[in-house]
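Provided below for reference: sequence and predicted model.
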Amino acid sequence: MNVIRFLILGLGAVIGASCSAAGDGGALAGHRHRVLVSSDIGGTDPDDFQSMVHLLLYADVLDLEGLISSPFGPGRKEHILQVIDVYERDYPNLRTYSEKYPTPAALRAMTKLGETEVAPYAGVRRSTEGSQWLVQCARRPEPRPLHILVWGGIEDLAQALHDAPDILPKLRVYFIGGPNKKWCPDAYHYIATHHPKLSIIEANATYRGWFVGGNQTGDWGNTAFVGKHVAGKGAMGNFFATQLGGTIKMGDTPSVGWLLKGTPADPTQPGWGGRFVRAWDRPHAVFRRLTTKDDRIEHFGILELIVPLGAGAPAKPEARMVIENQTLIGHVDSEGAVRFRFSPKDAKAYRYTLRSNVPSLDGKTGEITAVAPSAMAKSKPSERFPHWWTDDPAPEAAEGVHIGARTVSQWRKDFLRDFAERMLRCVSPASGRSAPHPVPR
């Protein structure tokens with residue numbers, strides 16, 4: 001018996017050491033963080049449904065203040081409400097574990113519709129219900145900072161900062177960039193240009209460690225884990241399992257993991273949401289001509305193409321850049337040129353074609369080669385961006401081509417084990433407590 005007890009205590013010490021190594025300033029250690037999420041759920045990437053289920057499962061240890069729909073494409077506020085409807089079915093069991101789980105009614109009240117279009121060249125367009133709510137939350141007389149988790153477009157954050165720059169010191173942003181940044185280069189560029197002192201983590205590739213790399217043997221595999229530990233675990237588990245063929249992606253969840261286990265006040269420290277380095281000057285390459293494959297830009301950077309309209313332009317010139325699956329609307333400036341911004345999410349060559357009612361531009365083509373940042377980039381942190389953090393480009397922090405991803409994937413068993421245990425709350429009430437009747441909507 002003493003041997004068994006020793007082994008159990010030893011295992012607990014190992015697990016405890018692992019969690020401690022990931023930092024103890026997170027919500028699971030009792031630190032309640034204020035949180036507002038901006039999501040493109042229901043838009044171009046269905047993994048936000050999975051991340052929203054995970055978020056609500058941990059809603060008892062976070063102070064949720066806002067859920068904003070910020071889609072690219074068809075997603076809308078109704079898709080957040082769809083997940084809240086599922087949460088409501090499990091809520092009677094969940095609240096037997098903690099009275100701090102927000103009511104479905106409270107969640108619906110904080111759900112807002114944000115911007116549904118990509119920002120124009122200026123980076124901002126108009127205030128939205130979502131951006132106004134962000135400002136309202138940030139201005140509350142509350143000493144704790146407000147953590148903004150951006151899972152989709154960054155337009156509502158840009159608009160909020162434009163309308164109320166006084167809120168900047170209160171904000172702590174975790175931006176799932178990469179593919180999302182690709183769709184909102186103008187809003188991103190507005191923030192980098194006008195609000196460089198914002199406290200922000202720009203996770204362009206680190207987030208991939210949630211589903212790439214780490215221990216994926218047996219039940220820890222992306223599909224096997226869902227089949228054994230999520231499917232059949234209440235309404236939320238069943239809903240989760242219907243997304244992406246029952247395979248884990250949860251690409252936005254590292255922003256939540258960052259608050260659950262880690263040291264949110266210090267991005268250089270390890271945690272479930274990754275470990276980051278001070279950002280170097282944000283890559284921004286400007287070309288006043290059509291580019292060729294010999295031209296270079298750091299991937300995840302901002303390419304700005306400025307092309308003269310030339311003679312014979314109509315009174316109302318229009319132009320679009322077609323590049324991969326994007327059609328970028330050109331901005332005609334006062335100097336007789338059309339401008340485009342593009343953010344490459346992969347290190348590779350891109351080819352583009354211009355479509356325009358300007359004869360000298362229509363059908364013109366060009367190329368640009370995106371390259372990975374140097375591993376030494378982090379040795380030159382930018383003075384202009386004192387609170388801007390990004391992926392660690394060191395080879396030892398990467399999972400294949402995904403820089404920084406190993407700083408998340410190393411915790412895979414820890415965060416998935418905790419997730420599996422939490423899913424059981426949806427199945428039955430806490431020991432010794434019966435589930436109350438559902439709360440009327």
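Great, that's in hand.

Check the gap between the spatially most central residue of the chain and Gly274 for me.
When the chain is reduced to its mean C-alpha position, the closest residue under C-alpha atoms, centre = their mean turns out to be Ile176, at 2.7 Å. Taking C-beta to C-beta, to the nearest Å as the measure, Ile176 falls 11 Å from Gly274. C-beta here means a position set from N, CA and C on the backbone, and glycine is covered the same way.

quick one: the helices in the chain?
Counting by DSSP state H, the chain has helices at residues 2-21, 47-57, 77-94, 104-109, 129-138, 155-163, 179-183, 185-194, 222-229, 234-241, 254-260, 406-409, 412-423.

do you know which of the ones you listed lies nearest Gly310?
helix 185-194 (24.1 Å; C-beta to C-beta).

related to what we said a few turns ago, adding distance to Trp210 and mean pLDDT, write the helices of the chain out as CSV.
Formatted as CSV, the helices of the chain follow (distance: least, C-beta to C-beta, whole Å; pLDDT from 0 to 100):
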stretch, distance to Trp210, mean pLDDT
helix 2-21, 17, 38
helix 47-57, 9, 97
helix 77-94, 18, 97
helix 104-109, 23, 98
helix 129-138, 25, 98
helix 155-163, 22, 98
helix 179-183, 14, 93
helix 185-194, 22, 98
helix 222-229, 10, 98
helix 234-241, 14, 98
helix 254-260, 5, 98
helix 406-409, 6, 98
helix 412-423, 8, 98
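
Including distance to Leu171 and mean neighbour count, could the ones you listed go into a markdown table?
Below are the helices of the chain laid out as a markdown table (distance: least, C-beta to C-beta, whole Å; neighbours: other C-beta atoms under 10 Å):
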| stretch | distance to Leu171 | mean neighbour count |
| --- | --- | --- |
| helix 2-21 | 28 | 11 |
| helix 47-57 | 19 | 26 |
| helix 77-94 | 21 | 21 |
| helix 104-109 | 22 | 16 |
| helix 129-138 | 6 | 22 |
| helix 155-163 | 8 | 26 |
| helix 179-183 | 18 | 23 |
| helix 185-194 | 11 | 23 |
| helix 222-229 | 33 | 17 |
| helix 234-241 | 29 | 21 |
| helix 254-260 | 14 | 28 |
| helix 406-409 | 23 | 26 |
| helix 412-423 | 25 | 18 |
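
Kindly reformat those as CSV containing distance to Lys170.
Listed next are the helices of the chain as CSV, based on distance: least, C-beta to C-beta, whole Å:
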stretch, distance to Lys170
helix 2-21, 29
helix 47-57, 21
helix 77-94, 23
helix 104-109, 21
helix 129-138, 5
helix 155-163, 11
helix 179-183, 23
helix 185-194, 15
helix 222-229, 37
helix 234-241, 31
helix 254-260, 16
helix 406-409, 27
helix 412-423, 28
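
Next up, the contacts around the nearest residue to Val307 once chain neighbours are set aside.
Distances taken as C-beta to C-beta, 6 or more residues apart in numbering place Val338 nearest to Val307, at 5.5 Å, with adjacent residues excluded. When contacts are counted by C-beta atoms under 8 Å, 6 or more residues apart in numbering, Val338 touches 306-307, 309, 317, 319, 330-332, 356, 358, 361.

Ok, Leu244 next?
Taking C-beta under 8 Å, 6+ apart as the test, what Leu244 contacts is 46-47, 50.

For Gly245, state which of those is nearest.
Out of those, the member with the shortest distance to Gly245 (by C-beta to C-beta) is Pro46, at 10.0 Å.

Hmm, Phe240 and that closest one touching each other?
No - the pair Pro46 / Phe240 is not scored as a contact, 11.1 Å apart, by C-beta atoms under 8 Å.

Report how many residues lie close to Glu99.
Glu99 has 7 neighbouring residues, counting by other C-beta atoms under 10 Å.

next one: Leu28
Neighbours of Leu28 under the rule other C-beta under 10 Å: 16.

so what pLDDT did it get?
For Leu28, the pLDDT comes out at 97.

Contact partners for the closest residue to Gln159 other than its chain neighbours?
Nearest in space to Gln159, with sequence neighbours left out and distances taken as C-beta to C-beta, 6+ apart, is Ser131 at 4.0 Å. Applying C-beta under 8 Å, 6+ apart to Ser131 gives the contacts 114-115, 156-157, 159-160, 163.

okay, now the closest residue to His299 other than its chain neighbours: neighbour count?
Sequence neighbours aside, Ala370 is the residue nearest to His299 in space, at 3.8 Å (criterion: C-beta to C-beta, 6+ apart). Around Ala370 there are 22 other residues, counting by other C-beta under 10 Å.

any idea how far Glu78 is from Ala109?
15 Å.

try Arg278
Going from Arg278 to Glu78 by C-beta to C-beta gives 40 Å.

Could you do Gln410 as well?
Look at Gln410 and Glu78: by C-beta to C-beta, they are 37 Å apart.

quick one on the thing from earlier: pretty sure the residue nearest to the centre of the chain contacts Trp151?
Yes - using C-beta under 8 Å, Ile176 is in contact with Trp151, at 5.5 Å.

contacting residues around His31?
Counting by C-beta under 8 Å, 6+ apart, His31 makes contact with 25, 264.

give me that answer again for 10 Å
Counting by C-beta atoms under 10 Å, 6 or more residues apart in numbering, His31 touches 24-25, 61-62, 144, 259-260, 263-265.

Which residue ranges make up the domains of the protein?
10-280+382-426, 284-371 (automatic domain parsing).

Compile these into JSON lines and extend it with columns for distance to Arg433.
Formatted as JSON lines, those follow (distance: least, C-beta to C-beta, whole Å):
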{"stretch": "domain 10-280+382-426", "distance to Arg433": "4"}
{"stretch": "domain 284-371", "distance to Arg433": "47"}
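
sorry, back to before: now do the shared contacts for Ile176 and Trp151.
Counting by C-beta under 10 Å, 6+ apart, the residues touching both Ile176 and Trp151 are 39-40, 45, 48, 51, 207, 251-253, 255.

can you redo the residues you listed as TSV with distance to Ser343?
TSV is the format used below for the shared contacts of Ile176 and Trp151 (distance: C-beta to C-beta, whole Å):
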residue	distance to Ser343
Ser39	20
Asp40	16
Asp45	16
Asp48	20
Ser51	22
Tyr207	16
Gly251	17
Asp252	18
Thr253	22
Ser255	19
